[in-house]
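In: Sequence isn't available, so here's the structure alone:
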């Protein structure tokens, strides 16, 4: 069972998507209100939705205009959680010495994971909205990731797909530049749905696929499984919530295992597709941020 939102009469309508891709409106303003109502009735969100869609009017998924499934107040992200990610960060930090070891090896092996702030609701876009290229970077890629939707207690409520856009040159120049390599306008997308936790028997079996199109030609495709993640999902949530204030509906991106070749960078007008079967395909066109004169 998936939860989406779509544009309806200039507003955002919460809805459920059945396994047959039929869309049925839900009578709640947003995902967290639905979760709260289920808890008041001592039911799981899955049980609540299953009852609500029994006699609802059905729409076709292809006929609606999807938006973010939730206005996540904050999006956080974990880094260097897959071996592939560690190798890519080492390449950036050593100017291409593939066998070099760096502080990224230490964080990969450490008890404490790398967790950083990624985005706010105003910076986060949904399906079919553009992600932007940063104007002062020449080496940018998407990072396709599994996202956890959690409440303020750290309870995992569901799963979504996310794109943690990244500037490899800025991050490789100096690790202290990480916020600039990760956070800018339209640098994060999530969606197209929230797959309810109760509908997933084993999240580590989820597959992540990334495709990049240029002039409608496929120029990159890669895939991975969440079971390649070095850490447990609950472990990442634990460190995010430890001595921290977290808000209902926060999204935690869990890291990437899919990295395009080292000579690849995104171009304006590329199209990125991130698919997690069961969640759907998150599609975003790529636009260039306005070039500005930089201070030398």
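Out: All right, it came through fine. Fair warning: this is a prediction, and the values are worked out from it, not measured in the lab.
In: Tell me where the model's unsure across the stretch 1-150 of the chain.
Out: Scanning the stretch 1-150 of the chain for pLDDT under 70 picks out the ranges 98-99.
In: how about the strands in it?
Out: Assigned strands in the stretch 1-150 of the chain, in chain order: 2-8, 11-17, 22-25, 58-60, 66-67, 74-79, 114-120, 124-125, 131-133, 140-141, 144-150 (criterion: DSSP state E, counting those that start in this stretch).
In: Pull the distance from the second one to the chain's centre.
Out: When you say that, I think you mean strand 11-17. Centroid displacement of strand 11-17 relative to its chain, using CA atoms, centre = their mean, to the nearest Å, is 19 Å.
In: and this structure, what are its domains?
Out: 2-66, 74-288 (the TED database).
In: so where is the stretch 151-296 of the chain shaky, pLDDT-wise?
Out: 292-296.
In: check contacts around residue 110.
Out: By CB atoms under 8 Å, 6 or more residues apart in numbering, the contact set of residue 110 is empty. Where C-beta positions appear, they are placed from N, C-alpha and C, glycine not excepted.
In: mind running it again at 10 Å?
Out: By CB atoms under 10 Å, 6 or more residues apart in numbering, the residues touching residue 110 are 80, 103.
In: what's the spacing between residue 40 and residue 33?
Out: As judged by CB to CB, to the nearest Å, residue 40 and residue 33 stand 11 Å apart.
In: okay, these two: which has more neighbours?
Out: Between residue 40 and residue 33, counting by other CB atoms under 10 Å, residue 33 is the more crowded of the two (14 against 9).
In: what's the distance between that one and residue 199?
Out: Taken as CB to CB, the span from residue 33 to residue 199 is 19 Å.
In: again with residue 239
Out: Residue 239 is 26 Å from residue 199, by CB to CB.
In: Residue 106 - how many residues pack around it?
Out: 10.
In: Would you confirm that it contacts residue 89?
Out: No - with contact defined as CB atoms under 10 Å, residue 106 and residue 89 do not form a contacting pair (11.3 Å).
In: so what's in contact with those two at the same time?
Out: residue 80.
In: returning to what we had before: let me have the strands of the stretch 1-150 of the chain in CSV, extended by distance to residue 233 and mean neighbour count.
Out: Formatted as CSV, these follow (distance: least, CB to CB, whole Å; neighbours: other CB atoms under 10 Å):
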stretch, distance to residue 233, mean neighbour count
strand 2-8, 19, 22
strand 11-17, 23, 19
strand 22-25, 28, 18
strand 58-60, 32, 13
strand 66-67, 25, 22
strand 74-79, 10, 25
strand 114-120, 13, 19
strand 124-125, 20, 24
strand 131-133, 25, 21
strand 140-141, 23, 24
strand 144-150, 6, 28
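In: possible to save the ones you listed as JSON lines with distance to residue 195?
Out: Shown next, in JSON lines, are the strands of the stretch 1-150 of the chain (distance: least, CB to CB, whole Å):
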{"stretch": "strand 2-8", "distance to residue 195": "5"}
{"stretch": "strand 11-17", "distance to residue 195": "10"}
{"stretch": "strand 22-25", "distance to residue 195": "15"}
{"stretch": "strand 58-60", "distance to residue 195": "19"}
{"stretch": "strand 66-67", "distance to residue 195": "15"}
{"stretch": "strand 74-79", "distance to residue 195": "17"}
{"stretch": "strand 114-120", "distance to residue 195": "20"}
{"stretch": "strand 124-125", "distance to residue 195": "18"}
{"stretch": "strand 131-133", "distance to residue 195": "22"}
{"stretch": "strand 140-141", "distance to residue 195": "25"}
{"stretch": "strand 144-150", "distance to residue 195": "9"}
